[in-house]
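# starting from these lines, generate the structure:
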Amino acid sequence: MHRGLFLLILMGQCSLFLCRHYEYYFIEEPKTWDEAQRYCREGYKDLATVPNMKYMETLYTDSTENQANAWIGLYSISGKENRRWHWSLPGVEFNAEEMKWRAGEPNDAGGHLENCAVIDSSSQLMDFGCSNDFTFICYNEQNTSLNFIDNKKKWREAQSYCREHHTDLASGAEQLNEAVSKFKSSDEPLLWIGLFRDTWRWSDGSNYSYRHWRDVEKFILINESKNWDEAVKYCREHHRDLVSITSLEQQELVQEKAKNANTSHIWLGLRYSCALDLWFWVNDQLVCYKNWANETDTGDCNLAVAMETGGEHKWFKKNDTEMFNFICSLS
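Below you'll find the model as predicted:
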């Protein structure tokens, strides 16, 4: 089975791991994800599955007590065609027949990946990019109430807010029907709900939707071909800046985005300065982490860096007038 990116409690390449039997077992043997999966399946049941926050807290305690990164059983199959819809609230199963999409939705409008959903006043759903800002609806399990939050946030920020102050984003057909009835008088035409899609799977085949991502830099792929200067201008006008990569973790996140580009390479925010005779990131950070495919020596003053969208996602020197898709940072 082809696997794209695998998940650790903290990210790494060759790590300790957690097996699932009827309990969790912390295995203090550094292995790759595939090796860890085989080990767990031979001696236990599988790599650890995390169905909800209670189990997440157990895993986090185990891994921090042992002061190590640890593989769990969550892995990604690359390709937008492999995305599946889930509800954010653990235990609520997604049923496609219950969904009332607007005509033509979901549609990844404009060629952009739209992996989160909003609801309108007529109970119809639309897919949107998760980095958009909308007000949202939280569900509180203690008093089975729905709460309209009149504060615009990105989807994951809204999810974090709901989990901290209530239980989760509103999830499931029953909650959505109640939410529309309760908040249809709101001035906000579109509201985030707990519906999202991704390419992640659990090693044991279970369909749990629970995700608890670290608060890391957020990136967006722009499927428009521009030269390097145009890419910088676009990112600064619409988001924050052209992406800078200063760690392996950032490299892995960016290369996952890059797989959905429609050009052979994507621009990064790294350029050569003839005056200073050095490479520099647009955010002024030093070039510490490197993933070069070729020598960095240069006699050309018009060079910038592009990452290949396939293969090993190496960095290549390119003339800055070439036309590629690019990735912007959002924070």
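# distance check, Ile327 against Lys226.
12 Å (CB to CB, to the nearest Å). C-beta here means a position set from N, CA and C on the backbone, and glycine is covered the same way.
# Trp292: neighbouring residues, count only.
By other CB atoms under 10 Å, the residues close to Trp292 number 13.
# that one and Trp315 touch, don't they?
Yes. Using CB atoms under 8 Å, Trp292 is in contact with Trp315, at 5.3 Å.
# which elements pack onto whichever strand or helix holds Met307?
Assigned by DSSP states H and E, Met307 falls within strand 303-308. Counting contacts by 3 or more CB pairs under 8 Å, 6 or more residues apart in numbering; DSSP states H and E, strand 303-308 is packed against helix 248-258, strand 265-273, strand 315-319.
# just the CA atoms of that strand, as CSV, please.
Once non-C-alpha atoms are left out, strand 303-308 reads as follows in CSV (Å, rounded to 0.1, in the frame of the first residue of the first chain):
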residue,chain,number,x,y,z
LEU,A,303,18.0,32.3,-9.3
ALA,A,304,15.3,31.2,-6.8
VAL,A,305,14.4,27.8,-5.4
ALA,A,306,11.6,25.5,-6.4
MET,A,307,10.7,22.1,-4.9
GLU,A,308,9.9,19.2,-7.1
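# give me the mean pLDDT for that strand.
Mean pLDDT, strand 303-308: 94.
# with stretch 282-300 instead?
Stretch 282-300 comes out with an average pLDDT of 75.
# residues contacting it, please?
Stretch 282-300 is contacted by residues 232, 241-242, 244-248, 250-251, 269-272, 278-281, 307-308, 312-317, 319, 329 when judged by CB atoms under 8 Å, 6 or more residues apart in numbering.
# and the closest residue to Asn95 other than its chain neighbours, what is it in contact with?
Nearest non-adjacent residue to Asn95, counting by CB to CB, 6 or more residues apart in numbering: Ala173, 7.2 Å away. Residues in contact with Ala173, defined by CB under 8 Å, 6+ apart, are Asn95, Glu98, Met99.
# least confident pick among those?
Comparing those by pLDDT, Glu98 comes last, at 90.
# so what's that residue up against?
Applying CB under 8 Å, 6+ apart to Glu98 gives the contacts Ala173.
# tell me the spacing between it and Thr246.
Distance, Glu98 to Thr246, by CB to CB: 44 Å.
# wait, a strand at Trp85?
Yes. With DSSP: H, G, I helix; E, B strand; the rest coil as the criterion, Trp85 is part of a strand.
# give me the neighbour count for it.
17.
# how about it: what's its closest non-neighbour residue?
Leaving aside its sequence neighbours, Trp85 sits nearest to Arg197 (CB to CB, 6+ apart; 4.6 Å).
# look up how far Trp228 lies from the residue nearest to Ala258 when sequence neighbours are not counted.
Spatially, and ignoring its direct neighbours in sequence, Ala258 is nearest to Thr309 (4.6 Å; CB to CB, 6+ apart). Per CB to CB, Thr309 is found 16 Å from Trp228.
# cool, and Met53?
Distance of Met53 to Trp228, computed by CB to CB: 43 Å.
# which one of the two has more residues nearby?
Higher neighbour count among Met53 and Trp228: Trp228, with 27 against 15, using other CB under 10 Å.
# local confidence estimate at that one?
The model reports Trp228 with a pLDDT of 97.
# dihedrals phi and psi, it?
phi -60, psi -50 (degrees, to the nearest 10).
# gap between it and Ala304?
Distance of Trp228 to Ala304, computed by CB to CB: 4 Å.
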